[in-house]
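>>> Okay, predicted coordinates and the sequence, questions at the end:
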Amino acid sequence: GDIADGLTRGAERLQSTVSEAFFEPVIRLGVTGLSRAGKTVFITSLVANLVNRGRMPQLVAAADGAIRTAYLQPQPDDTVPRFDYETHLAALTGPAPHWPESTRAISELRLSLRVQPSGLLSGFQGPRTVHLDIVDYPGEWLLDLGLLEKSYAQWSEDTLKRIADRPAAAAYLRQAEEARETKEWEEPQAKALARGFTDYLAAARVAGFSDLTPGRFLLPGEMEGSPALTFAPLPPEENAPRKGLWREMERRYEAYKRQVVKPFFRDHFARIDRQVVLVDALEAINSGPRAVEDLRRTLTDILSAFRPGRNAFLSQIFLGKRVEKILFAATKADHLHHRQHPRLTGIMEALVADAKSRADFAGAETAAMAVASLRATTEDSVEHDGRTLDVVRGALLEGGKRAAFHPGELPEDPARLLVPAREGAERWLDGDYAAMRFAPQPITLKPGEGPPHIRLDRAAQFLIGDRL
Ligand code: GDP
């Protein structure tokens, strides 16, 4: 009785002391966004600013000195490529600064923070270690979630309908129409169709569209050329012959879902605690109303992955766990004078409002912000035609010429931007924006300095501040 109880209690106490000393909390931070949204630059600059104690006044644990050190450690997952932090940082901060290679697939980086709590209890607590496992992955992969609920016939129909009036799709649509005649499956034709569809996706991306699924077509990684990536949408066929082209496309589409899409969600996505979704809203706005409409729809699709309750497969792999915080960050805010930043934040909020209103992301806390991971400009105002214009100054990527630019205006009321294109939406950012492709500014970082940014510290505070 008593002795056994005492022993149990003693053992429990010992156990909790041991786990306090050895248990080191891990935060898995997912970083995603569509291609060229700014994932690589975001992670590189965030890590550099934490490791080198850059200017992070809004990250409380950095400002009050609680973060003693931050250092890189081997990551826990041995088969996931490591995020190539050193190479990317060297690109951005070296003697001839240039933008790093963008995200092509999943990668991971472990940053460990040694934290000494300040305040009342600080005298009693020793420093703790918190591991931040940053997982970088293409947003296009999240879009593939939509495929799980669709048969090949449905997916083909939806896709062909959606792209029917896009000039970039004309060649592929012809190709798919011609394939109607084919009864026999032959690999060269399957390959040509997949090639044609991939070419369309690449052209659609250039035209500013963002619904670029299947996600692995533009970012194939090591599966390039495999049957699971060699399919394309075809018009419906009644009684398609069993060994014909249509059936084989259908079979490959199912293989893609089973062997590419599901493993990613199960092995990586379901383990994320906190998430940042980066969005190049400015690029879409500059491309015009259709691209904005498309971006909003695509974001809604991306965000459905964060409402696991609505999807049987997701509920099953999440097992009641959830993503605790989601940050929606409009990137490259250094293209705008800070006077326009609140508008950009408002637009970001409006872009995700649709998805949010349907379900509040299963209880996750959300926020929207405008950030620049690596600030490539400085602000100024100039006199022009008798009025004062807010401008930003930077060096152009092509030619390196330094100049002042006025990108144009964002609407004060985001609703004006989100009017559907066919109902006469206006054009915004039609000043210099299209010409504003900046090179990173040459910087000499002294010890204790990080790369210049806008609001990365606010982003970090929202994402991990409560755990430091
Ligand atoms: P990813 O495909 O999401 O990994 O995108 P990257 O991080 O590679 O960024 C794509 C491009 O966006 C870069 O090559 C830069 O041209 C631009 N970019 C990203 N972040 C910033 C930023 O903070 N400021 C500016 N001016 N450009 C940026």
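Nice, thanks for sending it over. Model, not experiment: these values are computed from the prediction.
>>> what about the one residue in the stretch 151-300 of the chain that gets nearest to the ligand, is that helix, strand or coil?
Each residue of the stretch 151-300 of the chain has a distance to the ligand, by C-beta to the nearest ligand atom, and the smallest belongs to Leu278, at 6.3 Å. Where you see a C-beta, it was placed from the backbone N, CA and C, and this is true even at glycine. Classification of Leu278 using DSSP: H, G, I helix; E, B strand; the rest coil returns strand.
>>> contacting residues for it?
31-33, 37-39, 42, 329, 331 (C-beta atoms under 8 Å, 6 or more residues apart in numbering).
>>> Include distance to the ligand, pLDDT and neighbour count when you put those residues into a markdown table, please.
Listed next are these as a markdown table, based on distance: C-beta to the nearest ligand atom, whole Å; pLDDT from 0 to 100; neighbours: other C-beta atoms under 10 Å:
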| residue | distance to the ligand | pLDDT | neighbour count |
| --- | --- | --- | --- |
| Val31 | 8 | 98 | 29 |
| Thr32 | 8 | 97 | 24 |
| Gly33 | 5 | 94 | 26 |
| Ala37 | 4 | 95 | 26 |
| Gly38 | 4 | 97 | 25 |
| Lys39 | 3 | 98 | 26 |
| Phe42 | 6 | 98 | 26 |
| Ala329 | 10 | 97 | 30 |
| Thr331 | 5 | 98 | 28 |
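>>> In strands, which of these appear?
Among those, the members falling in strands are 31-33, 329 (criterion: DSSP state E).
>>> List just the nearest of the contacts of Leu278 to Pro167.
Closest to Pro167 out of the contacts of Leu278 is Ala37 (24.1 Å), distances taken as C-beta to C-beta.
>>> List the single closest residue to the closest one in space, sequence neighbours excluded.
Counting by C-beta to C-beta, 6 or more residues apart in numbering, Ala37 lies nearest to Leu278, which is 4.2 Å off, once chain neighbours are set aside.
>>> Looking at the ones in strands among the contacts of Leu278, which one is closest to Glu398?
Gly33 (24.5 Å).
>>> what's near enough to touch the closest one?
By C-beta under 8 Å, 6+ apart, the residues touching Gly33 are 39, 139, 277-280, 331.
>>> Report the beta-bridge partner residues of it.
Leu278 (DSSP bridges).
>>> That one and Leu397, how far apart?
Taking C-beta to C-beta, to the nearest Å as the criterion, Gly33 is separated from Leu397 by 20 Å.
>>> which stretches of the stretch 351-468 of the chain have low pLDDT?
Along the stretch 351-468 of the chain, the model assigns pLDDT under 70 to residues 357-362.
>>> one more time with 50
Along the stretch 351-468 of the chain, segments meeting pLDDT under 50 are nowhere present.
>>> Now do stretch 328-336: distance from first to last residue.
Looking at stretch 328-336, the gap from its leading to its trailing residue is 18 Å under the measure C-alpha to C-alpha, to the nearest Å.
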